[in-house]
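Chemist: Could you look at this predicted model? Sequence included:
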Amino acid sequence: QVQLVESGGGLVQAGESLRLSCAASERFFSNCAMGWFRQAPGKEREFVAATTWNGESRYYADSVKGRFTISRDNAKNIVTLQMSSLKPEDTAVYYCNAWRTAYYQYSPGEYWGQGTQVTVSD
C-alpha cells in the first residue's frame, strides 16, 4: 500500500525556520510529481508547493514564494519543504501530496499523507 509519512512539524516563533519531510513507501514515487498542501482551521486546503518527478521544475503559491523551498531525493524517496521567515498565517496542518503523473497537474494529486501540524506564534 502506498504511504506518505510527514515529519518535522512543530511550534516556532515568527521569523524562524522549519523543515518538513515526507517519506514515501515505494519507489513508485521517484517517477511522480510531489508536493505540499496546507489547511488552516476553518479554511479550505490550499496548495503550497510542488515539484516534478526529477525536481527540475518547482511551483509555489504566491504566499510562500521566496520563503519556502521544495526539494526531493529520489534515492531516499523523500520530499522536503524548507520553510523560512515563517509567519503566524503559515500556521496549518501541512499535507504531503503525490500525483500518479510525473508533472504537477495544478490540482491535488491522488495520494495524501496524514498531515503534520505547524504552528507559528507571534
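Modeler: Received it, and whenever you're ready, just let me know what you need.

Chemist: quick one: pLDDT of D122?
Modeler: As predicted, D122 sits at a pLDDT of 92.

Chemist: got it, and T116?
Modeler: Value listed for T116 in the pLDDT field: 97.

Chemist: burial of the nearest residue to it once chain neighbours are set aside, as a residue count?
Modeler: Nearest non-adjacent residue to T116, counting by C-beta to C-beta, 6 or more residues apart in numbering: G9, 3.4 Å away. Any C-beta I mention is one placed from the backbone N, CA and C, and that applies to glycine too. Using other C-beta atoms under 10 Å, G9 has 18 neighbouring residues.

Chemist: what does the one 5 residues further on give?
Modeler: A14 has 13 neighbouring residues, counting by other C-beta under 10 Å.

Chemist: That one touches K87, doesn't it?
Modeler: Yes - using C-beta atoms under 8 Å, A14 is in contact with K87, at 5.9 Å.

Chemist: Check the contact lists of those two and give me the overlap.
Modeler: V120 (C-beta atoms under 8 Å, 6 or more residues apart in numbering).

Chemist: In which helix or strand does the one residue sitting closest to the centre of the chain reside?
Modeler: Among the residues of the chain, the one closest to the centroid is W36, at 2.5 Å (C-alpha atoms, centre = their mean). Secondary structure from DSSP states H and E places W36 in strand 34-39.

Chemist: Check which residues of that strand are buried.
Modeler: M34, G35, W36, F37, R38 (16 or more other C-beta atoms under 10 Å).

Chemist: Can you give me the distance of the third one to D122?
Modeler: Relative to D122, W36 is positioned 23 Å away (criterion: C-beta to C-beta, to the nearest Å).

Chemist: now the nearest residue to G10 once chain neighbours are set aside: how far from Y94?
Modeler: With C-beta to C-beta, 6+ apart as the measure, L18 is the residue that lies nearest to G10, at 6.4 Å, once sequence neighbours are left out. L18 sits 9 Å away from Y94, taking C-beta to C-beta as the criterion.
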